[in-house]
Structure formats: C-alpha cells, structure tokens
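1. give me a model of this one.
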Amino acid sequence: MLEARPHLFSRTPVFLSAAEVAALRAVVLAIEEVVRNRAYRRAALAWAPPVAARDFGPRGALMGYDFHLTTQGPRLIEVNTNAGGAFLNALAAQAQRICCADAGVGLAAGEADAFAEAARRMFSREWSHQGRTGAARRIAIVDDAPAEQHLYPEFLIAQRVLAADGAEVLILDPAELVYRDGALSVEGAPIDLVYNRLVDFTLDEPRHAELRRAYLDGAVVVTPNPHLHALYADKRDLVLFSDLATLAAWGVSAPALEALKAVPQTVQVTAERAEALWRERRTWFFKPTRGHASKGVYRGEKLTTRVWAEILAADYVAQRYSPPSERRIAIDGRPETRKLDVRLYTYDGDVLLSAARLYQGQATNLRTPGGGFAPLFVV
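-> Numbering: from 1, shown residues only. Alright, predicted model coming up:
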C-alpha cells in the first residue's frame with residue numbers, strides 16, 4: 001500500500017521551538033474554553049442545520065488543529081472533526097524514535113508510544129459519554145468506499161489498535177449499514193460505535209440515510225458527529241473564534257483571548273462586504289463554510305471574476321491570509337522548497353499526537369514529491 005502511496009511520508013523532519021509548541025497547545029485549550037461557553041454555543045448552533053442541534057455526549061475523537069507557522073507566530077488556519085493521519089503518524093513517530101533516539105530531541109516525549117492506549121481509552125470514553133455502560137462490542141470505521149481512500153492504510157492500523165481491547169472492528173461503507181428496529185447493523189450484526197470519517201458532516205447525502213437515522217435516534221454512538229462539527233469545524237466558527245471583543249463580552253478568560261490572537265480575522269462573505277473584499281482580495285483567503293481537504297478554497301490574489309461570482313452565490317468565509325512557512329528539502333540531491341503546516345491531534349482538549357505536513361501548491365494532499373507527513377521535533 002505504501003508503494004502505491006509514495007508521498008504519504010516525507011523523509012525530511014520539521015523542527016519547532018518549545019515556545020511554539022506551548023503556543024499551539026494554548027490555542028487548543030482556548031478553543032475548548034470557548035466551545036464550553038453558553039453564548040458561543042448558541043451562536044454557533046444558530047447557523048447549524050437541525051441534525052446538529054442535539055448533544056449526545058461525545059467530545060469528538062481525534063480532532064485536528066491545523067496551524068501555519070508565520071513570522072508573527074503560529075496561526076490557526078482551521079479545526080477539523082475528521083482529521084486523518086493520526087494512526088499513521090504514531091507509527092512513523094515510533095520508527096523515528098527508534099532510529100534517531102540518540103538525537104535527544106522529540107515532541108512531547110512518549111506521545112507515539114502512548115498513542116495506541118490513548119486511542120482505545122478515547123473511544124471508551126466516547127462510549128461512556130453517551131451514557132453507555134460496559135464496553136462497545138462492535139466498532140465500525142466508516143467512510144465512503146474506504147478501500148479506495150488515500151488514507152486506507154490508516155483504517156487498517158486503527159482497526160488493529162482498537163481491536164486490542166477485544167472489540168470486533170469493521171471497516172465499512174455507509175451503504176452497508178441498515179437501521180431497523182432501533183439498531184444499526186451490518187449483515188445482521190449490531191454496530192455499537194461508529195468512528196466517523198465521512199466528509200458529509202451533516203449526514204445529508206441519501207447514501208448516509210441509515211446512519212443519519214440511527215444517529216438522530218441515539219441508537220449508535222457516532223464520533224465525531226454533526227453536533228461537534230457545528231461547534232468546532234464549520235468555517236463560520238472561525239468568525240467567532242477571531243472576534244475577541246465578542247468573546248470577551250461573553251466572559252472568555254484573558255489567557256484564552258491572548259491565545260486566540262493566533263486565529264486570523266475571519267468574516268462571512270456577504271453582499272454587503274463584497275465590494276470591500278474584492279478590493280482587498282489579495283489579503284484574504286476564501287473558504288466554503290462546510291468545505292474539506294482544501295476543496296473550493298481560493299487565494300484572493302488568484303481570483304477571477306467568474307470564480308468571485310460563484311463565491312458570492314455560495315456560503316463562504318474570508319480569512320486573512322497567513323502564508324505557511326517553508327522547509328528546504330533535497331530531492332535527488334537537488335534543493336527544493338516545500339510549504340509546511342503543523343497538526344495537533346486532540347481529544348477533549350488533550351493533545352494526543354503532533355505532526356507536520358510538507359506539500360506543494362495550495363493543498364496538503366499527500367501527493368507531493370518530497371512531501372507528506374513529516375517527523376516533528378522540538379528544539
């Protein structure tokens with residue numbers, strides 16, 4: 001599988017300072033404080049669809065916080081509720097520690113070694129948070145056509161890790177699921193918990209109807225789920241995360257407000273703002289409110305009038321452009337430059353794993369020569 005995905009991992013490490021690491025973690029804690037704020041929750045859920053209204057209890061398995069490292073400090077670009085790569089990065093970090101242990105450097109020593117147990121404990125807690133007792137007997141890792149996904153190897157690793165506690169772990173397409181008589185099942189076998197890797201964050205697509213019905217009835221534990229996406233990862237949430245005056249009025253603490261200076265100013269694209277945004281487009285980055293994987297995103301300076309018209313007709317936010325930092329690498333002995341970002345994988349505010357990604361172009365698609373997930377060290 002890795003031979004078919006030659007750019008899943010980069011051979012070049014990325015280095016962060018201890019101060020940068022502390023700043024990244026402070027942002028995670030600040031976002032968690034905001035999401036617990038009642039006024040924020042009312043605002044974020046006001047623009048969410050009805051499917052996201054109810055809180056079933058889960059906190060969100062493997063949230064992803066993506067940062068650019070700028071000359072003004074780290075910038076939180078977005079939060080993801082279906083962040084891929086954690087199980088792959090844990091495996092790679094273990095290998096890196098083995099071959100480079102004498103270097104005496106590492107990010108959050110023990111993260112990689114502790115990750116498998118932390119992942120199992122995380123899903124056990126998600127089960128309990130929805131009021132379940134005992135243990136989940138059958139877990140489904142769910143994505144559309146999972147075997148065709150670029151990160152399918154990760155599903156296999158996750159399957160092995162989660163099965164170590166005795167649960168049966170299946171990798172399924174949602175079309176295989178059936179919801180009948182209050183139970184979600186596959187070929188007659190009931191599913192207790194779904195590790196949701198779908199990018200249909202509101203479960204609106206017809207092929208996800210059975211999972212949606214089971215979720216709304218509380219018949220299965222789904223993590224992450226539409227409620228969590230509405231609170232953390234709808235791009236409109238960045239409007240609130242970056243509005244420090246409003247957050248202060250809602251009672252968010254001074255340390256959290258200081259950390260949230262790392263969130264670039266974000267505004268909704270509206271007809272009233274259209275003229276000003278177009279005029280200043282070179283300083284903005286445009287994102288669809290429910291987008292993923294850099295699909296439909298545009299750097300302002302590259303906008304055409306045709307694309308601008310499409311943006312105005314859709315649901316978009318504009319985020320102040322924060323350029324990614326760069327890493328010099330060698331490909332066949334030739335020096336080249338790649339962009340980089342940093343991702344923190346978290347659960348309920350705790351950082352479980354840290355990783356970097358090297359890429360070229362606009363998207364971190366894990367298909368760039370010399371790019372991919374990169375070992376991350378603190379110095």
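2. mind listing what's buried along the host helix or strand of A95?
-> Assessed by DSSP states H and E, A95 sits inside helix 86-99. For helix 86-99, burial by neighbour count (16 or more other Cβ atoms under 10 Å) applies to 86-93, 96-97. Just so you know, the C-beta spots here come from the backbone N, C-alpha and C atoms, and that holds for glycine as well.
3. next: stretch 177-187.
-> For stretch 177-187, the neighbour count (16+ other Cβ under 10 Å) marks 177, 179, 183-186 as buried.
4. what about the strands in the stretch 51-200 of the chain?
-> In the stretch 51-200 of the chain, the strands defined using DSSP state E, counting those that start in this stretch lie at 63-70, 73-80, 138-142, 168-172, 178-180, 183-186, 189-190, 193-196.
5. quick one: contacts for the nearest residue to P146 once chain neighbours are set aside?
-> Closest residue to P146 apart from its sequence neighbours, by Cβ to Cβ, 6 or more residues apart in numbering: I171 at 5.1 Å. By Cβ atoms under 8 Å, 6 or more residues apart in numbering, the contact set of I171 is 140-141, 146-147, 155-156, 159.
6. could you list the low-pLDDT ranges of this structure?
-> Under the criterion pLDDT under 70, the flagged ranges of the chain are 97-110, 112, 291-295, 362-365.
7. the most centrally placed residue in the chain and R132: what is the separation?
-> Centroid-nearest residue in the chain: N80, 2.5 Å away (criterion: Cα atoms, centre = their mean). Plainly put, N80 is 25 Å away from R132 if you go by Cβ to Cβ, to the nearest Å.
8. buried subset of the contacts of I171 as a ChimeraX selection?
-> Command for ChimeraX that selects the buried part of the contacts of I171, burial taken from 16+ other Cβ under 10 Å:
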select :140,141,146,155,159
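9. now, the contacts of I171 that are in helices?
-> Judged by DSSP state H, the contacts of I171 include 155-156, 159 as members of helices.
10. for A118, state which of those is nearest.
-> Nearest to A118 among the ones in helices among the contacts of I171 is Q159, at 16.8 Å by Cβ to Cβ.
11. quick check: bridge partners of the closest residue to that closest one other than its chain neighbours?
-> Spatial nearest neighbour of Q159, chain neighbours left out: V169 (4.6 Å); criterion: Cβ to Cβ, 6+ apart. Using DSSP bridges, the bridge partners assigned to V169 are I139.
12. what sits against I139?
-> Counting by Cβ under 8 Å, 6+ apart, I139 has contacts 123, 162, 167-170, 191-195.
13. what's the PyMOL syntax to select whichever of those residues are buried?
-> The buried residues among the contacts of I139 can be selected in PyMOL (16+ other Cβ under 10 Å) with this line:
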select buried, resi 123+162+167+169+170+191+192+193+194+195
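14. can you tell me which of the contacts of I139 lies closest to L62?
-> Nearest member of the contacts of I139 to L62, counting by Cβ to Cβ, is Y195, at 8.6 Å.
15. as a check, name the ranges of all strands in the stretch 251-379 of the chain.
-> Going by DSSP E, counting those that start in this stretch, the stretch 251-379 of the chain shows strands at 266-268, 284-288, 298-299, 316-320, 325-331, 334-347, 350-359, 372-374, 376-378.
16. which one of the ones you listed lies closest to N225?
-> It's strand 334-347; of the strands of the stretch 251-379 of the chain, that one is closest to N225 (Cβ to Cβ) at 14.2 Å.
17. which other helices and strands contact that closest one?
-> If contacts are counted by 3 or more Cβ pairs under 8 Å, 6 or more residues apart in numbering; DSSP states H and E, strand 334-347 sits against strand 14-16, helix 18-36, strand 63-70, helix 111-129, strand 325-331, strand 350-359.
18. off-centre distance for that strand?
-> Chain-centre distance of strand 334-347: 14 Å, with Cα atoms, centre = their mean, to the nearest Å.
19. okay, now the sheet partners of that strand, with direction.
-> strand 63-70 (antiparallel), strand 325-331 (antiparallel), strand 350-359 (antiparallel).
20. in the last one, what counts as buried?
-> Counting neighbours by 16+ other Cβ under 10 Å, one finds that the buried residues in strand 350-359 are 351-359.
21. distance check, the nearest residue to A314 once chain neighbours are set aside against I31.
-> Closest residue in space to A314, ignoring its immediate chain neighbours: P288 at 6.3 Å, by Cβ to Cβ, 6+ apart. Here P288 is placed at a distance of 21 Å from I31 (Cβ to Cβ).
22. neighbour count winner among the two?
-> Comparing P288 with I31 by other Cβ atoms under 10 Å, the one with more neighbours is I31, at 24 against 17.
23. do I have it right that that one meets F241?
-> Yes - I31 lies in contact with F241 (Cβ atoms under 8 Å); the separation is 6.6 Å.
24. between the two, what contacts are shared?
-> Common neighbours of I31 and F241, counting by Cβ under 8 Å, 6+ apart, are 76, 260.
25. just checking, P190 touches R138?
-> Yes - P190 lies in contact with R138 (Cβ under 8 Å); the separation is 6.5 Å.
26. distance to A230 added to the strands paired with strand 334-347, as JSON lines?
-> Output for the strands paired with strand 334-347, formatted as JSON lines (distance: least, Cβ to Cβ, whole Å):
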{"stretch": "strand 63-70", "distance to A230": "13"}
{"stretch": "strand 325-331", "distance to A230": "31"}
{"stretch": "strand 350-359", "distance to A230": "22"}
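27. so which of those gets nearest T266?
-> Comparing the strands paired with strand 334-347 by Cβ to Cβ, strand 63-70 comes nearest, at 13.9 Å.
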